[in-house]
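Q: here is a sequence together with a model predicted from it:
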Amino acid sequence: AQSVTQPDIHITVSEGASLELRCNYSYGATPYLFWYVQSPGQGLQLLLKYFSGDTLVQGIKGFEAEFKRSQSSFNLRKPSVHWSDAAEYFCAVVLTAGSSYKLIFGSGTRLLVRP
Amino acid sequence: SAVISQKPSRDICQRGTSLTIQCQVDSQVTMMFWYRQQPGQSLTLIATANQGSEATYESGFVIDKFPISRPNLTFSTLTVSNMSPEDSSIYLCSVARDAGNTIYFGEGSWLTVV
């Protein structure tokens, strides 16, 4: 079945350390992939998205993600984490069926930042 | 871009009652969706709101519990019927353009059932 998986429920990093959040998808065609962030009590914010072309995508807040077809992955990275990055991160994929489509979310990864 | 307004933003409801959430978009869109986010969970798609026809529900969601209307290309409603505490969630409206290239979310309706 078509799906998106975030294998890490929680990740804790020290402030200033690098970050990588994993996302794997199961989808036959080239997917549309997204990363969203949700701070406690807040709405969703789009960090970045990938449709085609350059497999390394730059987003807001210093985040980037790399699409790797061979690994069915779209991992989110940041070279130096700030305390304000503590939040829930969701990977999502657009699934298409004929002319219709829908956005499906992974289960999320909660990022904790140690001072 | 698209600006999405959801009402109510928050509500506390008695069990057994129903609540209708409204979603208004500032421009016409083809695709509108309703999501549920239970406490500490990810977003789960409830249904695609189809203009002029019945909504398309995802597995685990039924029209009797979550009736949806979509009278035009800028407006939709989601009703949560016969509520129980398990329905306490954030309900989000979403719209999409450009074959899914661009997706917008409302701020959500935070529902608590007591």
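A: Received it, and whenever you're ready, just let me know what you need.
Q: count the residues that sit near the residue of chain A found nearest chain B.
A: With C-beta to the nearest C-beta, the shortest gap between chain A and chain B falls at A:Val94, namely 3.9 Å. C-beta: built from backbone N, CA, C; applies to glycine. By other C-beta atoms under 10 Å in any protein chain shown, 20 other residues sit near A:Val94.
Q: hang on, isn't it packed against A:Thr30?
A: No: look at A:Val94 against A:Thr30 with C-beta atoms under 8 Å: they stay out of range, at 10.6 Å.
Q: hmm, who's touching the helix or strand hosting the residue of chain A closest to chain B?
A: Using DSSP states H and E, A:Val94 falls within strand A:87-97. The contact list for strand A:87-97 (C-beta atoms under 8 Å, 6 or more residues apart in numbering or on different chains) reads A:2, A:4, A:6, A:21, A:23, A:25, A:27, A:29, A:31-40, A:44, A:47, A:74, A:76, A:101-106, A:108-111, B:42-43, B:99-100, B:103.
Q: go again with 7 Å.
A: The contact list for strand A:87-97 (C-beta atoms under 7 Å, 6 or more residues apart in numbering or on different chains) reads A:2, A:4, A:6, A:21, A:23, A:25, A:27, A:31-39, A:74, A:76, A:101-106, A:108-111, B:42-43, B:100.
Q: ok, the residue lying closest to B:Cys93 once chain neighbours are set aside - contacts?
A: Nearest non-adjacent residue to B:Cys93, counting by C-beta to C-beta, 6 or more residues apart in numbering or on different chains: B:Cys23, 3.4 Å away. Residues near B:Cys23 by C-beta under 7 Å, 6+ apart: B:Ile4, B:Gln6, B:Met32, B:Phe75, B:Ser76, B:Cys93, B:Gly106.
Q: for those residues, which one is nearest A:His10?
A: B:Gly106 (27.6 Å; C-beta to C-beta).
Q: and the closest one, how many residues sit next to it?
A: What B:Gly106 shows, counting by other C-beta under 10 Å, is a neighbour count of 26.
Q: could you do B:Tyr35 as well?
A: 24.
Q: and it, its phi and psi?
A: phi -120, psi 160 (degrees, to the nearest 10).
Q: can you give me every residue that contacts it?
A: With C-beta under 7 Å, 6+ apart, B:Tyr35 has these contacts: B:Leu43, B:Thr44, B:Leu45, B:Ile46, B:Leu92, B:Ser94.
Q: for it, give me the pLDDT.
A: With respect to pLDDT, B:Tyr35 has a value of 98.
Q: distance check, it against A:Ser26.
A: Distance of B:Tyr35 to A:Ser26, computed by C-beta to C-beta, to the nearest Å: 20 Å.
Q: that older thread, each with direction, which strands does the strand holding A:Val94 pair with?
A: strand A:32-38 (antiparallel), strand A:100-105 (antiparallel), strand A:109-114 (antiparallel) (DSSP bridges).
Q: now render the ones you listed as a markdown table, adding mean neighbour count.
A: Converted to a markdown table, the strands paired with strand A:87-97 look like this (neighbours: other C-beta atoms under 10 Å in any protein chain shown):
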| stretch | mean neighbour count |
| --- | --- |
| strand A:32-38 | 23 |
| strand A:100-105 | 19 |
| strand A:109-114 | 17 |
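Q: how about those strands in CSV, adding distance to B:Glu58 and mean pLDDT?
A: As requested, these are exported to CSV (distance: least, C-beta to C-beta, whole Å; pLDDT from 0 to 100):
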stretch, distance to B:Glu58, mean pLDDT
strand A:32-38, 18, 95
strand A:100-105, 8, 90
strand A:109-114, 23, 97
